[in-house]
Structure formats: C-alpha cells, structure tokens
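Novice: give me a model of this one.
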Amino acid sequence: MTEKRKALTRKQLIVLMLEQEGRCGCGCGVKLDPLGEGVIDEHWNPLGLTGTNDTENRRLLRKPCAKAKTDGADMPRNTKAKRQGLEKGQP
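Specialist: Below is the predicted model of the structure:
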C-alpha cells in the first residue's frame, strides 16, 4: 500500500522555494508565479512508485509543468504499477 499524500508545512514550502531559487523545479528555469499561473507541490518520484513525502522528494512546479509531468511520465508508470499490484480502477 502506498503512503498517503501529506501537505507541506509553511516552513517546508519556504525552504523548497529558497532551494529552488524561486524557479520551477522541473528544470525549465521559469520563475514561479503563484498568483498568476499557480504553483503545485509535486512528488518527484510518485508515491505509487516508492516515493515518499520527504522534502527531498518534493518540488514546486508551475501548473503547466506539473500537468505535463503527471500526464507524460507519471500516469503510464502509475497505471503499470497498479496493474502489477492487481489494483483495478481509481482509488
């Protein structure tokens, strides 16, 4: 069974923002704009694939980058992991 998602504390959020120097954590280099396009806290290694809620596994991404990561790389890997674990459907 996978670990449940935990929200970041305010302190963890600030530390991540400082570590990323206010830039998107996907590597695109675009400055984060929380009030404009929005920011999403992403697990770099998804919880369904041995990821953890530790801050070392978390990144702040722009909404477009987070959607691309989830739809592009995470979805097929999560589906395969669920299939191999004999899980059916959405939780």
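Novice: how close does Asp71 sit to Gly22?
Specialist: When distance is defined by Cβ to Cβ, to the nearest Å, Asp71 is 25 Å away from Gly22. For glycine as for every other residue, the C-beta is placed from the backbone atoms N, C-alpha and C.
Novice: check His43 too.
Specialist: If you go by Cβ to Cβ, the gap between His43 and Gly22 works out to 20 Å.
Novice: please apply the same query to Asp54.
Specialist: Counting by Cβ to Cβ, the gap from Asp54 to Gly22 is 22 Å.
Novice: re earlier: and His43 and Gly22? Which one has more around it.
Specialist: Neighbours per residue (other Cβ atoms under 10 Å) separate His43 from Gly22, with His43 holding more: 19 against 11.
Novice: okay, and the beta partners of the more buried one?
Specialist: Taking DSSP bridges as the rule, His43 bridges to Arg58.
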